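**Q** only the shape, not the letters, is given here:
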Ligand SMILES: NC(=O)c1ccc[n+]([C@@H]2O[C@H](COP(=O)([O-])OP(=O)(O)OC[C@H]3O[C@@H](n4cnc5c(N)ncnc54)[C@H](O)[C@@H]3O)[C@@H](O)[C@H]2O)c1
């Protein structure tokens, strides 16, 4: 099989749903062997089976990766199965609440610290020895509001600012080992999180979120996966310490320009991946992701 990630081995956290499902399938299509990581309740097995059925290579790893022991054993599983590790994608995350700060639930903050920050720290730490050996690369999920801040989701944006700053420091620190470190900063993407029926936004917030995008629509998981692919591939060999925003222009916008975009330009482009788990994600505090941190 030819491909931009031929013979590469990748771990993708949060790979069972949403953007992570698209990353796993896009990487597998480009020749990577993929370790699909998620919680017991995520459709990880389905994603693995779908990749295998289309001729790709994948295994699943189920566990709470905010824990140090789980993070370590996941890297071991990747190396035991495929021989080495080239790519770590820190995509797992949670978005359980929207509210002004005086009403923001404290348990939602704790849940985000545990599931947005700890997994990046634990997983990166555990993967570094293998990545230094392979001269590999790390790409993590930031967020446009991790750069700008955004009302009603101030604590969530701040957890993503942590990921983006962490990645820059790590990029400088690990350059001498030949390890590149970058971030992707999505805007509103068409997963469970950005729909009022499946995520924590109300109708007004959902409308403003989409109207705030100059391109006038949500991005697709596949459009985000395309940017992960570039950053993870050898084509990005001179890119480190960067955040690539995949946000339809939100970061540079100050009004609601999406309102003026004609409906024919709001159509999503043709999609090539079959993503059955796009809206199967983690958009409220869930019991299997509240286990204590180790
Ligand atoms: N959807 C968006 O609009 C958007 C915007 C900006 C950034 N992002 C980022 O993209 C990433 C994916 O978002 P999504 O919309 O695809 O959400 P999603 O809920 O579909 O996917 C996240 C996955 O991570 C898993 N996960 C969470 N904590 C975990 C843990 N401790 N151990 C193992 N698995 C865990 C979840 O169970 C879920 O399957 C997140 O990091 C998010 O912050 C998303």
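**A** Structure's in. What do you need? The shown structure was predicted, so the numbers you read here are calculated from the model rather than taken from an experiment.
**Q** measure the residue at minimal distance from the centre of the chain to residue 160 for me?
**A** Centrality entry for the chain: nearest residue to the mean C-alpha point is residue 91, 2.6 Å, by C-alpha atoms, centre = their mean. As defined by C-beta to C-beta, to the nearest Å, residue 91 lies at a distance of 12 Å from residue 160. From N, CA and C alone the C-beta is placed, and that goes for glycine too.
**Q** got any residues that touch both of those two?
**A** Contact criterion C-beta atoms under 8 Å, 6 or more residues apart in numbering; residues shared by residue 91 and residue 160: residue 141.
**Q** so which residues make contact with the least confident helix or strand in the chain by mean pLDDT?
**A** Sorting the helices and strands of the chain by mean pLDDT, DSSP states H and E puts helix 144-148 at the bottom, at a mean of 92. Helix 144-148 is contacted from outside by 150, 153, 156-164, 185-187, 243, 245, 247, 250-251, using C-beta under 8 Å, 6+ apart.
**Q** out of those, which are buried?
**A** Neighbour-count burial (16 or more other C-beta atoms under 10 Å) is assigned, among the contacts of helix 144-148, to 150, 153, 156-164, 185-187, 243, 245, 247, 250.
**Q** in helices, which of those residues appear?
**A** Among the buried ones among the contacts of helix 144-148, the members found in helices (DSSP state H) are 156, 157, 158, 159, 160, 161, 162, 163, 164.
**Q** show me which residues of this protein sit near the ligand.
**A** When proximity is defined as C-beta under 6 Å from any ligand atom, the chain approaches the ligand at 13-14, 16-20, 38-39, 42, 64-66, 91-94, 115, 119, 141, 143, 186, 188-189, 191-194, 281-282, 289.
**Q** from those, which land in helices?
**A** Those of the residues of the chain next to the ligand lying in helices (DSSP H): 18, 19, 20, 119.
**Q** how about the residues you listed in CSV, adding pLDDT and neighbour count?
**A** Shown next, in CSV, are these (pLDDT from 0 to 100; neighbours: other C-beta atoms under 10 Å):
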residue, pLDDT, neighbour count
18, 98, 27
19, 98, 32
20, 98, 31
119, 96, 27
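**Q** the ligand: which of the residues you listed is nearest?
**A** residue 18 (2.1 Å; C-beta to the nearest ligand atom).
**Q** which residue sits closest to residue 10 in space, ignoring its chain neighbours?
**A** In space, residue 10 comes closest to residue 87 once its chain neighbours are excluded; the distance is 3.8 Å by C-beta to C-beta, 6 or more residues apart in numbering.
**Q** list the contacts for the closest residue to the ligand within the stretch 151-294 of the chain?
**A** In the stretch 151-294 of the chain, the residue that lies nearest the ligand is residue 281 (2.1 Å; C-beta to the nearest ligand atom). Contacts were defined as C-beta under 8 Å, 6+ apart; by that measure residue 281 touches 14, 17, 18, 191, 192, 193, 198.
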